[in-house]
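> curious how this folds, go ahead:
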Amino acid sequence: QLLDRLAVPKKAWRLFADVGIRLMFIGMFAMLLIVIVSDIAMLSSLGDNTMPEPNKFNEARNIFLIPGVNEFIPLTWGLIALIVTLVVHEFSHAILCRVENIRVKSMGILLALVPVGGFAEPDEKELFGTEAAAGKEGEGSVEGVSSKAATRQQRARILAAGVMANFVVALLAFILFFGPVLGAIAPIGNVMIMDAQGEASAAGLESQMILTQINDKPVDNIMGMLEYLDTFPEGETIRLYASKDRVTSAYDLTVGPAEEDIRGVLIQDIVPASPAEAAGLQKGMRITEMDNVPIRTVYDFRSFMNTTSAGQSVTLVLADNMSEELELTLELASHPDEGNDKGFLGVFTSQDENVATRLGITVGEFPATTYLSLLQSIPEMLKGMAGWLILLGLPIVGFAGEGFPGFSGMLANFYTPAGWAEPLGIGIFWIANSLLWIGWLNFYVGLFNCLPAVPLDGGHIFKDYTKAFIYRLTKDEEKSLRLSAAVTATFAVLIFMSFMFMIFGPYLVHGF
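Residues are numbered from 1 along each chain as shown. So this is what the prediction gives:
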């Protein structure tokens, strides 16, 4: 009775499903392209011995989008998103069944501790009758076939409705997430206390507090903070402002002695065929000086490199594991990133190096302001392929391999509600996380169901339309049914083998 009431605007639902059919074919092409490109990349890496070693992306459990199984999907937000995804997908199938007068026998969600699937069970004889009623959809007529069997167009609408519902929900969730929700989240600061000792600890400073200000100067980054502290003599008192649970408090601290021991930047790896490799730099060395500029931290190193250009000669002072100093001069190369004009040295340095300060605290930096801006810029980036790739991999890969599971844990410490969301408090983060995962999971489930492989929705539609195409050529009902089944089965096997190759390929090369 509920389904019959929901199915009343039949014309609107049919239009909804007709759009879904077209989107399903677009998604089918996109997913096949992704599978083919992935296969080519894997085969190329196999041929030139560059197959990546097995990692968490290859684990079978991370192929399934099930919270509690997939390590990338947080349990709470993932469960909310999965339930929404299953309900809208299966409800849409069921509603379109009633729109097309197909009986729905049962509906439900499959549970195995957590939801792992959903179903809307139509009358299969009515929906998947192999022959349509006489004279319908150009598929010919067969004696003795029930007139209640669904036509190809009706089946396509019913099957495409679930994917269309997922895409619509994903669109709405992403519009809300990237629009008013992200607009109501503001960064507190970019510098976090990693450890507090002595006077700083006694004053009440703790790890995971966010620094916002020293006296009247905002704390934007570690390098600026260190430079500002260098202007104070030993023993002077400064006022430090730090935020905990989005409440900012002031702390009076005494500035300690100037740091005389230059730690330098640890070289973690060397880029092959780079100026660093040619000059003999090695992993484990520390860069302590560049053109007479002291390099105390990775932030000093980045700041210096941002001022360089290709072809520039730079004199480095390095310390090896034996604390022996080495001085050498090299010429910087052109940066490999297109559009980047700064010089290229060719070393990998720590991206999360913690820095001791003259205030008795050790700090680390996260680009909270830049990160939020990048998130807000994703809709604009969807004009190109890069934006879609970022959106597809956002919770797992993020912008630089770090993944973005939402505003939770340590990441949430860097942000605070703003504007209309201030009365909600941390509730805005719950809304943001729910919308992110609802949008992402609906988008992925919709795309996955577009694949031309039975029993997926896309597989049934692909089989139906392939049969109709072959029938137009052969005018033979039995042959068109047999050939369409063979083509669809071939696609299903190839897609399944592709996924198996993606999972087990690295293990076959490098061992289990």
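
> which of the three states applies to the nearest residue to residue 67 once chain neighbours are set aside?
Distance criterion C-beta to C-beta, 6 or more residues apart in numbering; nearest residue to residue 67, sequence neighbours excluded, is residue 78 at 3.0 Å. Quick note: C-beta positions are derived from backbone N, CA and C, even for glycine. Residue 78 falls in the helix class when you classify it by DSSP: H, G, I helix; E, B strand; the rest coil.

> distance check, residue 78 against residue 101.
37 Å (C-beta to C-beta, to the nearest Å).

> between the two, who's got more neighbours?
The residue with the greater number of neighbours, taking residue 78 and residue 101 and applying other C-beta atoms under 10 Å, is residue 78; the counts read 25 against 12.

> next up, the contacts around residue 329.
When the contact criterion is C-beta atoms under 8 Å, 6 or more residues apart in numbering, the partners of residue 329 are 313, 314, 315, 316.

> same thing with residue 305?
Under the contact definition (C-beta under 8 Å, 6+ apart), the residues listed for residue 305 are 342, 343, 345.

> pretty sure the first one is touching residue 303, no?
No - Residue 342 lies out of contact with residue 303 (C-beta atoms under 8 Å); the separation is 11.2 Å.

> isn't the residue nearest to residue 67 right up against residue 436?
No - with contact defined as C-beta under 8 Å, residue 78 does not count as touching residue 436 (10.6 Å).

> got the buried residues for stretch 297-305?
297, 298, 299, 300, 301, 303, 304, 305 (16 or more other C-beta atoms under 10 Å).

> quick one, phi/psi of the fifth one?
So that's residue 301. The phi and psi torsions at residue 301 (degrees, to the nearest 10) take the values phi -60, psi -50.

> now it: how far from residue 428?
Distance check for residue 301 against residue 428: by C-beta to C-beta, it reads 36 Å.

> residue 332: how many residues sit nearby?
21.

> list the contacts for it?
By C-beta under 8 Å, 6+ apart, residue 332 lies in contact with 275, 308, 309, 310, 311, 312, 313, 314, 343, 344, 345.

> quick check: chain neighbours aside, which residue is closest to it?
Take residue 332 and drop its neighbours on the chain: the residue closest to it by C-beta to C-beta, 6+ apart is residue 343, 3.1 Å away.

> just the pLDDT at that neighbour, thanks.
With respect to pLDDT, residue 343 scores 91.

> can you tell me how far it sits from residue 290?
Here residue 343 is placed at a distance of 11 Å from residue 290 (C-beta to C-beta).

> what touches both of these two?
By C-beta under 8 Å, 6+ apart, residue 343 and residue 290 have these common neighbours: residue 314.

> show me what the lowest-mean-pLDDT helix or strand in the chain is packed up against.
Lowest on mean pLDDT, DSSP states H and E among the helices and strands of the chain sits strand 114-122, with a mean of 78. Other helices and strands packing on strand 114-122, by 3 or more C-beta pairs under 8 Å, 6 or more residues apart in numbering; DSSP states H and E, are helix 75-99, strand 104-112.

> comparing these by mean pLDDT, which bottoms out?
strand 104-112 (a mean of 83).

> contacting residues around it?
For strand 104-112, using C-beta under 8 Å, 6+ apart, the contacting residues are 3, 83, 86-87, 90-91, 94, 97-98, 115-123.

> re earlier: can I get the next helix or strand after the least confident helix or strand of the chain in CSV? Just the C-alpha atoms.
As assigned by DSSP states H and E, the chain's next helix or strand after strand 114-122 is helix 124-127. Output of helix 124-127 as CSV, limited to C-alpha atoms (Å, rounded to 0.1, in the frame of the first residue of the first chain):
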residue,chain,number,x,y,z
GLU,A,124,10.5,-12.5,-11.7
LYS,A,125,8.0,-13.9,-14.2
GLU,A,126,6.5,-10.5,-14.7
LEU,A,127,9.8,-8.6,-14.7
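
> I'd like to check the angle between the helix or strand following helix 124-127 and helix 75-99, please.
Secondary structure here is assigned by DSSP H and E; on that basis, the next helix or strand after helix 124-127 toward the C-terminus is helix 152-176. With axes from the mean of the first three to the mean of the last three C-alpha atoms, to 10 degrees as the criterion, the two stretches helix 152-176 and helix 75-99 enclose an angle of 150 degrees.

> for helix 152-176, which positions count as buried?
Along helix 152-176, these residues count as buried under the neighbour rule (16+ other C-beta under 10 Å): 152-170, 173-174, 176.

> now stretch 397-414
Residues of stretch 397-414 classed as buried: 397, 398, 404, 405, 406, 407, 411, 412, 413, 414 (neighbour count, 16+ other C-beta under 10 Å).

> report the rounded mean pLDDT for that stretch.
This predicted structure assigns stretch 397-414 an average pLDDT of 84.

> could you tell me the end-to-end distance of it?
Start-to-end span of stretch 397-414 (C-alpha to C-alpha, to the nearest Å) is 20 Å.

> residues in contact with that stretch?
By C-beta under 8 Å, 6+ apart, the surrounding residues in contact with stretch 397-414 are 72-74, 77, 185, 187-190, 192, 208, 210, 243, 366, 368, 371, 374-375, 390, 394-396, 415, 426, 429, 432-433, 436-437.

> where's the closest residue to residue 374 other than its chain neighbours relative to residue 206, distance?
If the residues on either side of it in the chain are set aside, residue 374 comes closest to residue 399, at 5.8 Å by C-beta to C-beta, 6+ apart. Between residue 399 and residue 206 the distance is 29 Å, computed by C-beta to C-beta.

> for burial, what's the neighbour tally of residue 395?
With neighbours defined by other C-beta under 10 Å, the count for residue 395 comes to 21.
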